[in-house]
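>>> this one's structure only:
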């Protein structure tokens, strides 16, 4: 399934690689800078405990998406490369989740740590 | 699909059907490497998450010792360098060798600016006795018995990131030399694209390091 979709995508892309316009690249750069200012500004706002991290990470994910999609060209690339990235992230979440199943439910944290 | 009129360009390895296949194979290989890098840094982020879940107070207290302004400037510096490296790829696609070189020089300069700022941050902390590890750590300003744990995480994560910056500078010097020899153009710019992907990855990692280390209130 994925391979056949992949093929039509790459068929479409093959002869001409996507060339980003100068305006497009600057727009992404400026958006990333504004989001950086936003996240620094938001860090000065009092947001109750778990949500401050949620907000900071949301902004970080938006920035990472912009870089991956438009600087790393995943938006115009074969879906297979996006799948590799999403797969890596899924396995990272799995690693964290399984680790937390241990560390969050210990009666005593290892004393020397 | 393949264009037989340009059957054997100099850059085409004999085991590939055509330039497109070679480019796509190289790019997929680079993405597999990026997967590996994400999981490599993922282990460090995992350590961060475990310790932050155990000692949330430690992180809010210790993070005040990090200079948010310097961290924010470095974030913008890296965004600028990502922009210039994307411009270098665009220049290669449009056969503008001069602009490949100019944009690579801008990227290398910004990467060096990043390292200089990082050096000032590190030296300022070390001056105060903030070193990684319980035995070296002598700073008394943070009222938490495990303050050194936060800074061990900080030094290892930002240190390994900085090593990636240094490697990136080396790669861009290599690309610059090859661009100077006129090796890149719209027909073949694979190494420029791959170094660009690597550099954007380094930027993405910093995008997560910055709020998680510096912006904890």
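Sure thing, it's come through. Model, not experiment: these values are computed from the prediction.
>>> And the helices in chain A, which stretches?
With helices called from DSSP state H, chain A shows them at A:2-14, A:22-43, A:49-66, A:79-103.
>>> any chance of these in JSON lines, plus mean neighbour count?
Any C-beta I mention is one placed from the backbone N, CA and C, and that applies to glycine too. Below are the helices of chain A laid out as JSON lines (neighbours: other Cβ atoms under 10 Å in any protein chain shown):
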{"stretch": "helix A:2-14", "mean neighbour count": "12"}
{"stretch": "helix A:22-43", "mean neighbour count": "16"}
{"stretch": "helix A:49-66", "mean neighbour count": "17"}
{"stretch": "helix A:79-103", "mean neighbour count": "14"}
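>>> Look up the closest residue to residue B:171, ignoring the ones flanking it.
residue B:195 (4.7 Å; Cβ to Cβ, 6 or more residues apart in numbering or on different chains).
>>> I meant residue B:211, not that one.
Nearest one to residue B:211, counting by Cβ to Cβ, 6+ apart, is residue A:56 at 4.0 Å.
>>> What pLDDT is listed against that neighbour?
We have a pLDDT of 95 for residue A:56.
>>> hang on, it packs against residue A:40?
No. With contacts counted by Cβ atoms under 8 Å, residue A:56 stays clear of residue A:40, the gap being 9.9 Å.
>>> what sits in contact with each of those two?
Taking Cβ atoms under 8 Å, 6 or more residues apart in numbering or on different chains as the criterion, residue A:56 and residue A:40 both touch residue B:215.
>>> and residue B:58, which of the three is it?
Using DSSP: H, G, I helix; E, B strand; the rest coil, the structure places residue B:58 in helix.
>>> pretty sure it is touching residue B:148, no?
No. At 10.0 Å, residue B:58 does not count as touching residue B:148 under the criterion of Cβ under 8 Å.
>>> Specify which residue of these two has the higher count of neighbours.
Under the criterion of other Cβ atoms under 10 Å in any protein chain shown, the comparison of residue B:58 against residue B:148 puts residue B:148 first, with 23 against 19.
>>> Quick check: next helix or strand after the helix or strand of chain B with the lowest mean pLDDT?
Within chain B, no helix or strand scores below helix B:56-62, which has a mean of 92 by mean pLDDT, DSSP states H and E. The first helix or strand that comes after helix B:56-62 along the chain, using DSSP states H and E, is helix B:68-93.
>>> Counting by contacts, list what that following helix packs against.
helix A:22-43, helix B:97-127, helix B:147-180, helix B:190-214 (3 or more Cβ pairs under 8 Å, 6 or more residues apart in numbering or on different chains; DSSP states H and E).
>>> Who are the contact partners of residue 60?
I'll assume chain A. Contacts of residue A:60 by Cβ under 8 Å, 6+ apart are A:39, B:207, B:208, B:210, B:211, B:212.
>>> meant chain B, my bad for not saying
So residue B:60 contacts B:216, B:217 (Cβ under 8 Å, 6+ apart).
>>> what about it, distance to residue A:23?
41 Å (Cβ to Cβ, to the nearest Å).
>>> Also residue B:167?
31 Å.
>>> doesn't residue B:199 make contact with residue A:67?
No. Using Cβ under 8 Å as the test, residue A:67 is too far from residue B:199 to be in contact (10.2 Å).
>>> shared neighbours of the two, which are they?
residue B:82.
>>> how about low-confidence regions in chain A?
A:1-15, A:109-113 (pLDDT under 70).
>>> Recalculate using a threshold of 50.
Low-confidence regions of chain A, defined by pLDDT under 50, span residues A:1-13.
>>> Repeat that for chain B.
The low-confidence ranges in chain B, as defined by pLDDT under 50, are B:1.
>>> Which helix runs longest in chain B?
Under DSSP H, chain B gives helix B:19-54 as its longest helix.
>>> quick one: buried residues of that helix?
Buried residues in helix B:19-54, counted by 16 or more other Cβ atoms under 10 Å in any protein chain shown: B:19-24, B:26-27, B:30-31, B:34-35, B:37-38, B:41-42, B:44-52, B:54.
>>> circling back to that earlier point, list the residues that contact the residue nearest to residue B:211.
Contacts of residue A:56 by Cβ under 8 Å, 6+ apart are A:39, A:42, A:43, B:211, B:212, B:215.
>>> State the pair within those that is farthest apart.
A:42 and B:212 (13.9 Å; Cβ to Cβ).
>>> can stretch B:102-109 be found next to chain A?
No. With Cβ under 8 Å from any Cβ of the partner chain as the measure, stretch B:102-109 is seen stopping short of chain A, the closest distance being 10.5 Å.
>>> Could you check how far that stretch is from the centre of its chain?
The chain centroid and the centroid of stretch B:102-109 are separated by 15 Å, computed with Cα atoms, centre = their mean, to the nearest Å.
>>> Now that stretch: buried residues?
When neighbours are counted by 16+ other Cβ under 10 Å, the buried residues of stretch B:102-109 are found to be B:102, B:103, B:104, B:106, B:107, B:108.
>>> Just give the closest residue to the second one, not the sequence neighbours.
I take that to be residue B:103. Looking at residue B:103 with Cβ to Cβ, 6+ apart, the closest residue is residue B:88, at 3.7 Å.
>>> Perfect, that will be all.
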